[in-house]
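In: just a sequence and a predicted model for now, questions to come.
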Amino acid sequence: MNWAILVVAGLFEIGWAVGLKYTEGFTRLWPTLGTVASMAISVWLLGIAMKALPIGTAYAVWVGIGAVGTVMLGILLFDEPANPMRLISLVLIGAGILGLKLATA
């Protein structure tokens with residue numbers, strides 16, 4: 001269950017990272033409120049997951065999910081480049097997340 005909570009926390013991290021773009025420097029009310037709410041939920045869920053998971057593993061997985069998801073949405077939503085090196089790097093981050101999961105009982 002803690003792993004599922006951690007994944008959801010990572011998804012909310014993606015939400016706030018992408019949400020920052022839409023706030024336009026915190027000048028737009030609704031995107032700003034959504035971004036701040038997503039930040040709070042993400043960190044709250046991370047804290048819950050850390051009750052049972054090792055801190056280093058939980059934090060690295062949380063950041064990794066956020067990084068991979070944010071890059072993928074940047075490609076899809078903002079026409080950021082999807083060159084081979086970026087895609088290979090995403091696969092490597094994903095392998096690191098999987099490795100940490102497999103190495104943690």
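Out: Everything's here; your move. Residues are numbered from 1 along each chain as shown.

In: which SS state does the residue in the chain sticking out farthest from the centre fall under?
Out: Distance from the centre of the chain peaks at residue 27, with 23.3 Å (CA atoms, centre = their mean). Applying DSSP: H, G, I helix; E, B strand; the rest coil to residue 27 yields a three-state assignment of coil.

In: for it, give me the pLDDT.
Out: Residue 27 carries a pLDDT score of 97 in this model.

In: and if you look at residue 104?
Out: Residue 104 is given a pLDDT of 89.

In: against residue 31, how distant is it?
Out: For residue 104, the distance to residue 31 (CB to CB, to the nearest Å) stands at 35 Å. C-beta coordinates here come from the backbone N, C-alpha and C atoms, glycine included.

In: need the longest helix for this protein.
Out: Determined from DSSP state H, the single longest helix within the chain is helix 55-78.

In: dump the C-alpha coordinates for that one into PDB.
Out: Extracted as PDB, the C-alpha positions of helix 55-78 are listed here (Å, rounded to 0.1, in the frame of the first residue of the first chain):
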ATOM      1  CA  ILE A  55      13.700   7.800   3.200                       C
ATOM      2  CA  GLY A  56      16.300   7.600   0.400                       C
ATOM      3  CA  THR A  57      14.300   5.200  -1.700                       C
ATOM      4  CA  ALA A  58      11.000   7.000  -1.200                       C
ATOM      5  CA  TYR A  59      12.400  10.400  -2.000                       C
ATOM      6  CA  ALA A  60      14.400   9.100  -5.100                       C
ATOM      7  CA  VAL A  61      11.300   7.300  -6.400                       C
ATOM      8  CA  TRP A  62       9.100  10.300  -5.800                       C
ATOM      9  CA  VAL A  63      11.500  12.600  -7.600                       C
ATOM     10  CA  GLY A  64      12.000  10.100 -10.400                       C
ATOM     11  CA  ILE A  65       8.300   9.700 -11.100                       C
ATOM     12  CA  GLY A  66       8.000  13.500 -11.100                       C
ATOM     13  CA  ALA A  67      10.900  14.000 -13.400                       C
ATOM     14  CA  VAL A  68       9.900  11.300 -15.900                       C
ATOM     15  CA  GLY A  69       6.300  12.400 -15.900                       C
ATOM     16  CA  THR A  70       7.100  16.100 -16.200                       C
ATOM     17  CA  VAL A  71       9.500  15.500 -19.100                       C
ATOM     18  CA  MET A  72       6.900  13.400 -20.900                       C
ATOM     19  CA  LEU A  73       4.200  16.000 -20.400                       C
ATOM     20  CA  GLY A  74       6.600  18.700 -21.500                       C
ATOM     21  CA  ILE A  75       7.000  16.800 -24.800                       C
ATOM     22  CA  LEU A  76       3.300  16.300 -25.200                       C
ATOM     23  CA  LEU A  77       1.900  19.600 -24.000                       C
ATOM     24  CA  PHE A  78       4.700  22.100 -24.800                       C
END
